[in-house]
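1. Any chance you can model this:
(chains A, B and C)
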Amino acid sequence: MKASEIASFVGGRLEGPDIEVRGLSSYRDAQEGEITFVANSSWLRHSTGASVIILKEGMPPVEGKSCIFVKDPLEAVIRLAYMFWKEDYGTGISGMAVVSPKAHIGKDVVIREFAVVEDDVVLEDGVVVMPFVYIGKGSRVGEKTVLFPHVVVYPGTMIGKRCRIHAGTVLGADGFGYIERDGKRVKIPQIGRVVIGDDVEIGANTCIDRATFGKTEIGAGTKLDNLIQIGHNVKVGKDCAFAAQVGISGSVEIGDRVLMGGQVGIADHVRIGSDVKIAAKAGVPGNIRDGEVVIGGFPAIPASRWKRIYGAMLKLPEIYSLFRKLTKGERDA
Amino acid sequence: MKASEIASFVGGRLEGPDIEVRGLSSYRDAQEGEITFVANSSWLRHSTGASVIILKEGMPPVEGKSCIFVKDPLEAVIRLAYMFWKEDYGTGISGMAVVSPKAHIGKDVVIREFAVVEDDVVLEDGVVVMPFVYIGKGSRVGEKTVLFPHVVVYPGTMIGKRCRIHAGTVLGADGFGYIERDGKRVKIPQIGRVVIGDDVEIGANTCIDRATFGKTEIGAGTKLDNLIQIGHNVKVGKDCAFAAQVGISGSVEIGDRVLMGGQVGIADHVRIGSDVKIAAKAGVPGNIRDGEVVIGGFPAIPASRWKRIYGAMLKLPEIYSLFRKLTKGERDA
Amino acid sequence: MKASEIASFVGGRLEGPDIEVRGLSSYRDAQEGEITFVANSSWLRHSTGASVIILKEGMPPVEGKSCIFVKDPLEAVIRLAYMFWKEDYGTGISGMAVVSPKAHIGKDVVIREFAVVEDDVVLEDGVVVMPFVYIGKGSRVGEKTVLFPHVVVYPGTMIGKRCRIHAGTVLGADGFGYIERDGKRVKIPQIGRVVIGDDVEIGANTCIDRATFGKTEIGAGTKLDNLIQIGHNVKVGKDCAFAAQVGISGSVEIGDRVLMGGQVGIADHVRIGSDVKIAAKAGVPGNIRDGEVVIGGFPAIPASRWKRIYGAMLKLPEIYSLFRKLTKGERDA
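-> Predicted coordinates for the structure are as follows:
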């Protein structure tokens, strides 16, 4: 593809030679023949191996490079990325997969080698089941959803349309529910299920437990990163995004558009409102209202309050010296 | 099943119509025709779609619902859950599994499609091996243990009776052991093994590393949640319960009936007594005595002390103001 | 093998009976007929079941045991461990694997049952591909690298020579990249790749995401433990070692020989110099210079400063009492 074609595709203006572009890469990793972009003018302090650069209208051209000027470089590069993005899942239903005759398989479904689809499973049109995927009895997978290799879907799980579930993720394993009797833990049978909405993306090796009774739910449009734990009976709202290694304990309820940084932990039965933002590593022991921003520490507290406490904490050695001085008489006595 | 039959099964008293019950669900998720329970009278502020409710003797009946009154609603609902709990693993040894002729397979063993059982493995009576399970050479699995899809058992691992090991869990991968030589890490071969007691349940995508030399051990009756890390040479006692994402470093020793919340971390070589309780997210750098309760912070400290420190921490901004006032003269000088 | 043969193999001196040794174990787990070692004389307060003990020259012999005295017991036991270390991966290319005719397979490659190798994959000489491994289109695996069961290699991933990638690890799943549009997350296609250097070892169930554009890189000689998250576009240098459950956010750059304890979290776009040491559970929000030691807390701060703050924090209840006394007049007013 020529630089001029890309410029017209992203609605930009080309300055410099109209070279052939063979790939899209990051500013730092790009090599000759590749196109990249600049999100922030500070990047220009470093050099790039790219031959073509997408820049914001108004920035100076970069010497020796073909430059495409656009209103919003990030927007332009994402449009471009969609063009370069090709995923090849294979086609058809492999003779080396095990598909129950009692399963209902839609049109244009792909089932790859060594997949197992149990009785009474429904795979809607266009579903992709990669190798080593296990789909337990009575589960349902919505249109065009892709299950990457090694996804495990326990029996009775419902998955929406256009979801992407990455490798090694486990949906519907038993919730962690026991009662204590004479110092031993007696298992509470976990007979609920997992229900995932449409347009959900889930990263690799994430675990979403089935409900003890009833449902564990992930709302439409929500995005979960890798290695996340979602406990039994949790309800996550719509359009949330949780970074890697977040842990949500049992029976937590979370509103819509909630954002969490990595390694956040939420205690069981907590209710979190909509539009809440929780910073990485925070531990949340209690309810949070709509729209609040929560950062740092355990137990986590609202951002504004934590900032003041943390600022004072950094002065603790000096405060402690003063304390020593003020209490010297008492200690000497 | 009729409501009256359930009432007599759980030893309770039915009030209201004797309707047909088609399922058990949570208070919030239950729908018409289903039965649910009330653990706490505060739940009654919300409504439920259930048709039948199990309540504690002495609570008021709920209008429009059939109510079953019992002494202990949780106990009753667990009994009931066992009745509704049916897991269907399939039967027999699949012709599409790879089972070494040198493996010893007991009676009534289930081995599903695409499982691999290597030489000298022993599967005792009633073991269930789901699809994509790998059992390495010389491992042993006790009676009636269930290995869910994608469990990986490295060579030489011993697993007790009646265990449940959930999808994606890895038993016996190499411990993280290296020595430094000239700025490089040289591998210490990990030639020990993993030994799991009877009645252990392990969640999904958890990792228990083999010992460098000797054994990594999980005691009988212990329950581990999802995404937990157990390092090489760790000894976990009996009847412990660790929540998701806990990390136990190498050579830690843990007593019996120890409880840990989610995301707890224990430093290497630490000894933790029996009956210890450690709150979520705590980081434990040193030994803990029998029966202690440990909460919060890193390094974690005993609960009573931490509560006082934390309470004072919340006052730090005010303390700091006073400090500023008291030291104003010095700063002005 | 006789104790005398082991003594001469490790360059040591035998004292006591020249018995037959049938295995190597840890000091605590060793049984009769086994050999063990003492790294530290404090271990001698406990007894061992071992028949032969490797001790440091100058230590007293242990009564009733055959003792081998050496200059460096750890060094000696590691040499010995290499001798006892036998891994049996099987041989040849299984007829029950699916290997694309368009893949390039080197000499002495092992591909086990139920592995999937897609088009245009290159497996160099001596590569081992265990059961249930998936290797996506166009990936390359270097000489003698071992992929343990259930490793998932997404398309286009490059893996170096002599690597060990443990069970359940996922290389090259999508980075967690979205832009917000009207309260919804729109996916940024993740079209980059993962590049792993030579001599890298990666534990079980770890996730390394592909770059959005360009490369996510792990430098030669680096060792990653289990359940680690490495985000998109991260660059990890050479000879680093990260303990379990570490989380590295997107676009972080890390130098060489960096050590991290368990459950450390690094915020996105942070730069960490070479030879940095970061203690377990630290949360790192900003850049760290070469050679710095960082411990505790969130946000993490340099060790020396944190120690002073933490020391004062333990005194907070007393400081707060004084504060109450000093401000009593104001509160009464």
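2. So which bits of the stretch 1-150 of chain A are right by chain B?
-> Within the stretch 1-150 of chain A, the positions lying close to chain B (Cβ under 8 Å from any Cβ of the partner chain) are A:Val98, A:Phe114, A:Val116, A:Phe132, A:Tyr134, A:Lys137, A:His150. In this view, the C-beta of every residue, glycine as well, is placed from N, C-alpha and C.
3. Name the member of those with the most neighbours.
-> Counting by other Cβ atoms under 10 Å in any protein chain shown, A:Phe132 has the largest number of neighbours within the residues of the stretch 1-150 of chain A next to chain B, with 32 neighbours.
4. doesn't B:Phe132 make contact with it?
-> Yes - using Cβ atoms under 8 Å, A:Phe132 is in contact with B:Phe132, at 5.4 Å.
5. so what sits against both of those two?
-> With contacts taken as Cβ atoms under 8 Å, 6 or more residues apart in numbering or on different chains, A:Phe132 and B:Phe132 have A:Phe114, A:His150, B:Phe114, B:His150, C:Phe114, C:Phe132, C:His150 as neighbours in common.
6. Give the helix, strand or coil label for the fifth one.
-> Reducing the assignment to helix, strand or coil with DSSP: H, G, I helix; E, B strand; the rest coil, the entry for C:Phe114 is coil.
7. one step back: got TSV for the shared contacts of A:Phe132 and B:Phe132, with pLDDT and distance to A:Ser274 too?
-> Converted to TSV, the shared contacts of A:Phe132 and B:Phe132 look like this (pLDDT from 0 to 100; distance: Cβ to Cβ, whole Å):
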residue	pLDDT	distance to A:Ser274
A:Phe114	98	42
A:His150	98	34
B:Phe114	98	43
B:His150	98	35
C:Phe114	98	45
C:Phe132	98	41
C:His150	98	38
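8. Nearest to B:Gly160 among the residues you listed?
-> Out of the shared contacts of A:Phe132 and B:Phe132, the one with the shortest distance to B:Gly160 is B:His150. That distance is 20.4 Å, counting by Cβ to Cβ.
9. which ones are touching the closest one?
-> By Cβ under 8 Å, 6+ apart, the contact set of B:His150 is A:132, A:134, A:150, A:152, A:168, A:170, B:132-133, B:167-168, C:132, C:150, C:168.
10. Can I get those residues in JSON lines including secondary structure?
-> Below are those laid out as JSON lines (three-state DSSP):
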{"residue": "A:Phe132", "secondary structure": "coil"}
{"residue": "A:Tyr134", "secondary structure": "strand"}
{"residue": "A:His150", "secondary structure": "coil"}
{"residue": "A:Val152", "secondary structure": "strand"}
{"residue": "A:Gly168", "secondary structure": "coil"}
{"residue": "A:Val170", "secondary structure": "strand"}
{"residue": "B:Phe132", "secondary structure": "coil"}
{"residue": "B:Val133", "secondary structure": "coil"}
{"residue": "B:Ala167", "secondary structure": "coil"}
{"residue": "B:Gly168", "secondary structure": "coil"}
{"residue": "C:Phe132", "secondary structure": "coil"}
{"residue": "C:His150", "secondary structure": "coil"}
{"residue": "C:Gly168", "secondary structure": "coil"}
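11. now, which of the residues you listed sits nearest C:Gly90?
-> C:Phe132 (13.6 Å).
12. List, one by one, the residues from the stretch 101-250 of chain A near chain C.
-> Residues of the stretch 101-250 of chain A found near chain C (Cβ under 8 Å from any Cβ) are A:112-114, A:130-132, A:148-150, A:164, A:166-168, A:201, A:203-205, A:221, A:223, A:225-227, A:239, A:241, A:243-245.
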